[in-house]
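> from the sequence below, what's the structure:
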Amino acid sequence: MLDGIDIVDPHFHLIDFHNNPYPWLAVDATRPNIFGGRDSELRHVFLEPDYRRAAGNLTIKKAVHIQANWDPSDPVGETKWLAERIARNGFPTAAVAFANLASPHVGDILAAHAAHGFVRGIRHIVNWDDEPTLRFSDRPDYLTNEDWLSGFALLECFGLSFDAQLYHHQMDQLMAVAAKYPSVQIIINHTGMPIHRDPQAIIAWSSSLARIAEAPNVAIKISGLGLANPDWSADSIRPLVLTAIEHFGIDRAMFASNFPVEGLFTTFGQLYAAFDAITKDFIHEERVKLFQTNAERLYCI
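Numbering: from 1, shown residues only. This next block holds a predicted model:
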């Protein structure tokens with residue numbers, strides 16, 4: 001599989017549920033209804049050995065840890081915890097940390113993150129939908145809020161990218177952000193989250209991706225396609241994968257595991273076998289970019 005290509009995984013999470021604060025995983029927490037009713041399975045420990053076991057025989061060259069919704073009242077706590085693990089284990093390679101960009105203390109928070117050389121970017125989840133059960137964010141207006149935009153502007157000062165987790169109907173707002181701050185690298189998470197799979201919704205999702213792809217400082221991670229997709233299979237994700245690559249091109253797309261979350265729907269091996277099969281007719285150099293070098297370049301690793 002993969003013709004000897006080593007994988008760079010630009011999106012995974014470490015979770016130490018028993019020792020660290022993850023409010024979204026609390027038994028009584030309200031979570032977006034896109035986990036197929038299996039989100040309780042994430043209430044466990046998933047650390048470096050678990051990631052390696054999940055990857056099995058696949059060769060993971062480098063990996064980027066994405067913030068796992070640690071207690072937002074302690075926005076730098078997860079980064080400090082990761083620093084300790086990296087010092088002991090040399091893993092992960094890099095990380096994307098959390099900051100509420102609308103916070104009056106965002107400058108101090110970003111400085112604290114950036115003091116750790118492995119931090120490459122910030123993720124502040126902004127998913128909002130009219131349907132309350134699909135909301136990840138606590139408010140609908142972050143992408144247009146002046147305080148939030150002022151915080152976003154500071155990313156360039158600290159040399160940080162932005163991981164954008166949002167729905168396709170928010171892409172036009174993100175397009176305005178990308179145009180206003182062209183020096184900040186924006187990386188769309190989870191393929192733009194096409195959680196509705198009826199034909200009309202897929203057309204709207206594809207159109208939104210086509211528009212945001214016009215911004216040269218926006219790239220996309222092809223991941224998260226098990227969300228709201230109980231019938232996951234290589235065939236079910238094939239058109240979505242190919243559409244994302246068509247819009248963003250080979251140089252601005254990359255495959256990611258999203259483990260352990262994606263493990264609710266498939267295995268690590270099945271996921272990468274699907275990515276492999278879907279791109280089997282691509283030339284070798286294109287596959288190397290999608291599985292490895294685009295992630296290295298975009299996350300400066």
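
> going by C-alpha atoms from here, please, whenever you check contacts or count neighbours.
OK.

> ranges for the strands of the stretch 1-150 of the chain?
7-12, 15-16, 45-46, 60-66, 94-98, 119-123 (DSSP state E, counting those that start in this stretch).

> and the ones you listed, which is most packed in?
Mean neighbours per residue, mean count of other C-alpha atoms under 10 Å, is largest over these for strand 94-98, with a mean of 27.

> what residues are up against the residue nearest the centre of the chain?
Of all residues in the chain, the one closest to the mean position by C-alpha atoms, centre = their mean is N189, 3.9 Å from it. Residues near N189 by C-alpha atoms under 8 Å, 6 or more residues apart in numbering: D163, A164, Q165, L166, I220, K221, I222, S223, G224.

> what about the residues you listed, which are in strands?
D163, A164, I220, K221, I222 (DSSP state E).

> can you count the residues close to the first one?
The burial metric for D163, expressed as a neighbour count using other C-alpha atoms under 10 Å, is 24.

> isn't it up against R120?
No: between D163 and R120 there is no contact under C-alpha atoms under 8 Å: 10.1 Å.

> tell me, how many neighbours does H18 end up with?
If we define neighbours as other C-alpha under 10 Å, then H18 has 10 of them.

> er, P49 I mean
9.

> now S183: closest residue in space that isn't a chain neighbour?
E156 (6.7 Å; C-alpha to C-alpha, 6 or more residues apart in numbering).

> now the one you found, what are its backbone angles?
Main-chain torsions, E156, degrees, to the nearest 10: phi -60, psi -40.

> any idea how far it is from L149?
12 Å (C-alpha to C-alpha, to the nearest Å).

> one step back: so which of the strands of the stretch 1-150 of the chain gets nearest W24?
Shortest distance between W24 and these, using C-alpha to C-alpha, is found for strand 15-16: 12.0 Å.

> mean confidence score for that closest one?
Averaged across strand 15-16, pLDDT comes to 96.

> show me what it is in contact with.
So strand 15-16 is contacted by H44, V45, F46, L47, A68 (C-alpha under 8 Å, 6+ apart).

> again, only using 6 Å
V45, F46 (C-alpha atoms under 6 Å, 6 or more residues apart in numbering).

> direction included, what does that strand pair up with?
Here strand 15-16 has these sheet partners by DSSP bridges: strand 45-46 (antiparallel).

> starting at the chain centroid, how far to the partner strand?
Distance of strand 45-46 from the chain centroid (C-alpha atoms, centre = their mean, to the nearest Å) equals 18 Å.

> list of residues touching that strand?
Contacts of strand 45-46 (C-alpha under 6 Å, 6+ apart): L14, I15, D16, F17.

> bridged to the third one, which residues?
Using DSSP bridges, the bridge partners assigned to D16 are V45.

> which single one of the ones in strands among the contacts of N189 is nearest to S183?
So of these, ranked by how close each gets to S183 (C-alpha to C-alpha), first place is D163, at 14.2 Å.

> which stretches of this protein form helices?
48-55, 77-89, 106-114, 146-158, 171-180, 199-212, 234-248, 268-278, 284-288, 294-298 (DSSP state H).

> with distance to F291 added, can I get the ones in strands among the contacts of N189 in TSV?
Putting these into TSV (distance: C-alpha to C-alpha, whole Å) gives the following:
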residue	distance to F291
D163	18
A164	20
I220	13
K221	11
I222	10
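
> tell me the one of those nearest D9?
K221 (10.0 Å).

> how many neighbours does the closest one have?
K221, neighbours per other C-alpha under 10 Å, totals 28.

> ok, it to D163 distance?
Counting by C-alpha to C-alpha - K221 and D163 are separated by 9 Å.

> need the strands of the stretch 1-150 of the chain in CSV with distance to S183, can you?
Below are these laid out as CSV (distance: least, C-alpha to C-alpha, whole Å):
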stretch, distance to S183
strand 7-12, 21
strand 15-16, 32
strand 45-46, 35
strand 60-66, 21
strand 94-98, 18
strand 119-123, 13
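
> for the ones you listed, which one sits closest to D231?
strand 7-12 (22.0 Å).

> show the contacting residues for F35.
L227.

> actually, H65.
Contacts of H65 by C-alpha under 6 Å, 6+ apart are H11, F12, H13, A95.

> wait, the first one touches F259, no?
Same thing as H11. No: using C-alpha atoms under 6 Å, H11 makes no contact with F259, being 7.6 Å away.
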